[in-house]
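Asker: Give me the fold of what follows.
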Amino acid sequence: MVILTFRRAFAAAALVASVSLFPAYAQDPPMTLTVRPLLCVLDKAATNCMMTFDIRWKSLTAGEFCLNDTLQVGPRICWGNPANPAESGNTSEQRQVSEEFMYWIGAPSGTERLAEVKISVLRVGSTDRRRERRTRHVWDVL
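Answerer: The predicted structure is shown next:
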């Protein structure tokens, strides 16, 4: 009986500890950045793909924010100003993609990344000649 009571007390204490240790999961993140599509798929003959990105962001606090990427120095586009701060924004951008890169949102003057999204490149097809050969069944000797 004492062991059973100890287990119940321990389980209740663990539940309270887990609720108080992780309060951040119940709140929204201060900045969200959504980019679609996230993947460029290339076959073995292609060197790049033309993509149109739909980029949306939203912040809990209004301010001046700029969209940047790792392939270009300087911001791509900025939203808000001191007289009229922005809480959200969206844009679309068409570009050729040949390597992985990241979009990120930050302040116009700083390099701090408030939210970031990685754009991946997947190369389909192999230059391995063994993969191009026809597969044969074990009974296919006749």
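Asker: Now do the strands in the protein.
Answerer: Taking DSSP state E as the criterion, the chain carries its strands at 31-36, 39-42, 49-63, 65-69, 77-79, 86-97, 101-106, 115-123.
Asker: among those, which is the most enclosed?
Answerer: Burial among the strands of the chain, expressed as mean neighbours by mean count of other Cβ atoms under 10 Å, is greatest for strand 65-69, which shows a mean of 21. In this view, the C-beta of every residue, glycine as well, is placed from N, C-alpha and C.
Asker: From the contact counts, what lies against it?
Answerer: With contacts defined as 3 or more Cβ pairs under 8 Å, 6 or more residues apart in numbering; DSSP states H and E, strand 65-69 has these neighbours: strand 49-63, strand 77-79, strand 86-97, strand 101-106.
Asker: Could you spell out the sheet neighbours of that strand, each with its direction?
Answerer: The strands beside strand 65-69 in its sheet (DSSP bridges) come out as strand 77-79 (antiparallel), strand 101-106 (antiparallel).
Asker: For residue 45, which of those is the nearest?
Answerer: Comparison of the strands paired with strand 65-69 against residue 45 by Cβ to Cβ identifies strand 101-106 as nearest, at 22.1 Å.
Asker: Give me the angle between the closest one and strand 115-123.
Answerer: Orientation check (axes from the mean of the first three to the mean of the last three Cα atoms, to 10 degrees): strand 101-106 against strand 115-123 gives 170 degrees.
Asker: avg pLDDT for strand 101-106?
Answerer: Averaged over strand 101-106, pLDDT sits at 94.
Asker: Just want the angle from it to strand 86-97.
Answerer: Our comparison of strand 101-106 with strand 86-97, counting by the same axes, to 10 degrees, yields an angle of 160 degrees.
Asker: Just the CA trace of strand 101-106, in CSV.
Answerer: This file holds the C-alpha atoms of strand 101-106, laid out as CSV (Å, rounded to 0.1, in the frame of the first residue of the first chain):
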residue,chain,number,x,y,z
PHE,A,101,20.3,28.0,-49.5
MET,A,102,18.3,29.6,-46.7
TYR,A,103,15.7,32.4,-46.5
TRP,A,104,15.7,34.3,-43.2
ILE,A,105,14.0,37.3,-41.6
GLY,A,106,15.8,39.8,-39.6
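Asker: Having no further points to raise, I will conclude here.
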